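# Please find the sequence and the predicted model below.
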Amino acid sequence: MSNRVLIISVFIVASCGLAYELIASALSSYLLGDSILQFSSIIGCYLFAMGIGSHLSKYVKDKDVLARFIDIELLVGLIGGISALFLFVVFAWAAAPFRTVLYALVLIIGTLVGMEIPLVMRIFHLKEADFKELVSKVLTFDYLGALAVSLLFPLVLAPQLGMSRTALLFGLLNALVALVTLHIFRKELTRFYLQQIRALMVIFALTIAFSFSNKVTTWSEQAFFGDPITYTASTPYQRIVLTTWKDDTRLFLNGNLQFSSRDEHRYHEALVLPAMQAAPFAKNILLLGAGDGLAARELLKYPRVEKITLVDLDPAMTQLFRTSAALTKLNENALNNPKVQVINADAGKWLEEATEVYDLIIIDLPDPSNFALGKLYSVPMYSQVSRHLSENGYVVVQSTSPYFAPHAYWCVVETLKAAGFYTWPYHAYVPSFGEWGFVLASKHNRFSLPKKYDVPTRFLNEYTTQLMFEFPPDMNPPKVEPNYLNTQSLVHYFEQDWQNTIR
């Protein structure tokens, strides 16, 4: 009976240990931007700390090994359980020390987790278990627990519970392992009642925290975003937050502003209308990204448009902008228009399998802040785009800021050229973002600036259009390399540019 409990405990503690590592990595992605350096450094720090914990476990005396295992489970449960909630609060109220607190927690939790399995193996060994059988069972269930949580975390737990509640759930599991172990081995423990009180107090604290975690998270996010939060959701792909203050609705993805309803018309008119005027034949149009429906709204102003295929990764995003009354008013119900076909898929993979050719392709994807997004701005990606573009058609790419991220912006231009496109870079001032950049491209070298627009506009006319395609001296192109998959130079340019801006 006791051996069976220990084996189940191994499965649970392995699941919890990996869960805390995934939560820390996901939070760094949500709050700091998902870069390979951050993700790798957290994993490396966690594994290093586990090594420290494994080393420290040898200093636990044989007579105390069972009691120390229970104490460690309670500590892991308490610290790991509240870690996500605590990090949200720290980020909202004191963003500067967030990294220090994050890595400190990773080191503490990793050290405690690193002690768990060695102590369990010693408990087995003290009970004169066969060594080969012991190692086989412990490692088998350790790896099975890791597999279980690696599947459940992105598919079920994070989307349904969110980061804070997921951490608290695993904290409760650690504390329950401690409590069950206490009762199974009560005769062998000299401080049974004291440890039982501790276990019950930890479980009570985690249960209370679980009950109020959504309120605390909302309160923390409210402090960070400033304006009243009207909607939040955690999906397998991102954290979606909407805020509203007076007549201003703002969308944030992973903490980054995507649009403000007060000035988004500048961005979306600039993104869509110059290309539509240059391509009076454009009837069949592909949108990659643009899940908010605002680019589709601009396209639907043209009666000649027959079909818009919109490919966006996150179904929660497109569903939100299909159903919310305030948001459908903003995008003029574009995503429910019969001309618009919404496909939820990865843009790059979808292009590999698609066969249709389009008159205009608009790429409105998030900034290339990580390698997963960087590949969607690469030469191979744009080569795929070229295969789906008609010979006279045009491509438009949102390309981050030529003022704040000049190396990243001009890297997109060079990448399009390397993929065989002629390019016409341009920019527009959007108050919420500052100077923002776009690139118009085609397989041919024919483009004239529109002198008028066939649809109503709030921002664009002949004069503002001419200004968009002129760059002042402080936005002159620096020397950059195209973005290939094996180098991902764009992601490095993007990170360096924005770090320099913050400084």
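That came through, no problem. Numbers count the residues shown, from 1 in each chain.
# Quick check: Ile362 is in a helix.
No. Using DSSP: H, G, I helix; E, B strand; the rest coil, the assignment for Ile362 is strand, not a helix.
# That one contacts Leu286, correct?
Yes. The criterion here is CB atoms under 8 Å, and Ile362 meets it with Leu286 at 7.2 Å. Glycine gets a C-beta too; all of them are placed from N, C-alpha and C.
# what mean pLDDT would you report for the helix or strand where Thr207 lies?
Thr207 is part of helix 192-225 when elements are defined by DSSP states H and E. Mean pLDDT, helix 192-225: 87.
# Now do the helix or strand following that helix: distance to the chain's middle.
Using DSSP H and E, the helix or strand that follows helix 192-225 in sequence is strand 229-234. Distance, stretch centre to chain centre, for strand 229-234: 15 Å (CA atoms, centre = their mean, to the nearest Å).
# can you pull the buried residues of whatever helix or strand comes next after strand 229-234?
Counting by DSSP H and E, the next helix or strand C-terminal to strand 229-234 is strand 239-245. Within strand 239-245, the residues that count as buried by 16 or more other CB atoms under 10 Å are Arg239, Ile240, Val241, Leu242, Thr243.
# Bridged to the third one, which residues?
Read it as Val241. Thr232, Phe252 (DSSP bridges).
# Test for you: state the pLDDT assigned to it.
Predicted confidence (pLDDT) for Val241: 90.
# thought it was touching Thr235?
No. The pair Val241 / Thr235 is not scored as a contact, 11.7 Å apart, by CB under 8 Å.
# Centre of this structure to the edge, which residue is at the far end?
The C-alpha centroid of the chain is most remote from Lys187, which lies 48.3 Å away (CA atoms, centre = their mean).
# Pull the contacting residues for that one.
Not one residue lies near Lys187 by CB atoms under 8 Å, 6 or more residues apart in numbering.
# any idea how far it is from Glu481?
69 Å (CB to CB, to the nearest Å).
# what sits against the most centrally placed residue in the chain?
For the chain, Gln238 is the residue whose C-alpha lies nearest the centre (CA atoms, centre = their mean; 4.2 Å). Applying CB under 8 Å, 6+ apart to Gln238 gives the contacts Tyr30, Leu253, Asn254, Asp314, Met317.
# got CSV for those, with distance to Leu206 too?
Formatted as CSV, the contacts of Gln238 follow (distance: CB to CB, whole Å):
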residue, distance to Leu206
Tyr30, 22
Leu253, 30
Asn254, 27
Asp314, 31
Met317, 32
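# which of those has the most neighbours?
In terms of neighbour count, Met317 stands highest of the contacts of Gln238 at 24 neighbours, by other CB atoms under 10 Å.
# all strands for the chain, in order.
For the chain, the strands defined by DSSP state E cover 229-234, 239-245, 248-253, 256-260, 284-289, 307-312, 340-344, 358-364, 389-398, 422-430, 434-442.
# Let's have the ones you listed in a markdown table, adding distance to Phe124.
Output for the strands of the chain, formatted as a markdown table (distance: least, CB to CB, whole Å):
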| stretch | distance to Phe124 |
| --- | --- |
| strand 229-234 | 38 |
| strand 239-245 | 41 |
| strand 248-253 | 47 |
| strand 256-260 | 48 |
| strand 284-289 | 53 |
| strand 307-312 | 51 |
| strand 340-344 | 48 |
| strand 358-364 | 56 |
| strand 389-398 | 57 |
| strand 422-430 | 63 |
| strand 434-442 | 61 |
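# Output the below-cut-off pLDDT ranges for this protein.
By pLDDT under 70, the weakly predicted segments of the chain are 1-3, 6, 30-37, 94-96, 125-135, 137-138, 501-503.
# Could you chop it up by domain?
Listed domain ranges for the chain are 2-225, 229-258, 262-502 (source: automatic domain parsing).
# Now do the second one: distance from first to last residue.
One end of domain 229-258 to the other measures 15 Å (CA to CA, to the nearest Å).
# centre of the chain versus it, how much separation?
13 Å.
# ditto for the last one
The gap between where domain 262-502 is centred and where its chain is centred comes out at 20 Å by CA atoms, centre = their mean.
# Then the first one?
Its chain's C-alpha centre lies 23 Å from the corresponding centre of domain 2-225 when counted by CA atoms, centre = their mean.
# Phe170 contacts Ala19, doesn't it?
Yes. Counting by CB under 8 Å, Phe170 does reach Ala19; the two are 4.4 Å apart.
# Identify the contacts common to those two.
Residues touching both Phe170 and Ala19 by CB under 8 Å, 6+ apart: Gly80, Val149.
# Quick check: buried residues in stretch 323-343?
Applying a neighbour-count criterion of 16+ other CB under 10 Å, one finds Ser324, Leu327, Thr328, Leu330, Asn331, Glu332, Asn333, Ala334, Leu335, Asn337, Val340, Val342 buried in stretch 323-343.
# give the contact list for the last one.
Residues in contact with Val342 (CB under 8 Å, 6+ apart) are Leu310, Asp312, Thr318, Arg322, Leu335.
# what does the fourth one give?
By CB under 8 Å, 6+ apart, Leu330 lies in contact with Thr249, Ser261, Glu264, Leu294.
# what sits against the third one?
Each residue near Glu264 by CB under 8 Å, 6+ apart is listed here: Leu294, Leu330, Val430, Ser432.
# In these, find the pair that's most separated.
Leu330 and Val430 (15.7 Å; CB to CB).
# For the contacts of Glu264, pick the one with the most neighbours.
Leu294 leads these on contacts (other CB under 10 Å) with 26 neighbours.
# Measure how buried the closest residue to Ile82 other than its chain neighbours is and give me the count.
With CB to CB, 6 or more residues apart in numbering as the criterion, Ile82 has its nearest non-adjacent residue at 6.0 Å, and that residue is Ala209. Other residues near Ala209 number 21, with proximity taken as other CB under 10 Å.
# so what's the closest residue to Gly293 other than its chain neighbours up against?
Using CB to CB, 6+ apart and skipping the chain neighbours, the partner closest in space to Gly293 is Asn331 (3.5 Å). Counting by CB under 8 Å, 6+ apart, Asn331 touches Asp292, Gly293, Leu294, Ala296, Arg297, Phe321.
# from the buried residues of strand 239-245, which is closest to Glu269?
Closest approach between the buried residues of strand 239-245 and Glu269, by CB to CB: Leu242, at 22.2 Å.
# which non-adjacent residue is nearest the closest one?
Distances taken as CB to CB, 6+ apart put Tyr231 closest to Leu242, at 4.0 Å, once the chain neighbours are dropped.
# distance of the one you found from Tyr484?
Tyr231 sits 38 Å away from Tyr484, going by CB to CB.
# Quick one: neighbours of the closest residue to Glu332 other than its chain neighbours, just the number.
In this structure, Glu332 finds its nearest non-sequential neighbour in Arg297, 4.9 Å apart by CB to CB, 6+ apart. For Arg297, the neighbour count with other CB under 10 Å is 22.
# try Ser40
Per other CB under 10 Å, the neighbour tally for Ser40 reads 11.
# tell me the contacts of Leu75?
By CB under 8 Å, 6+ apart, Leu75 lies in contact with Leu112.
# so how far is Phe321 from it?
From Leu75 over to Phe321 (counting by CB to CB), the distance is 44 Å.
# contacting residues for Tyr403?
Residues in contact with Tyr403 (CB under 8 Å, 6+ apart) are His427, Gly434, Glu435, Asp474, Met475.
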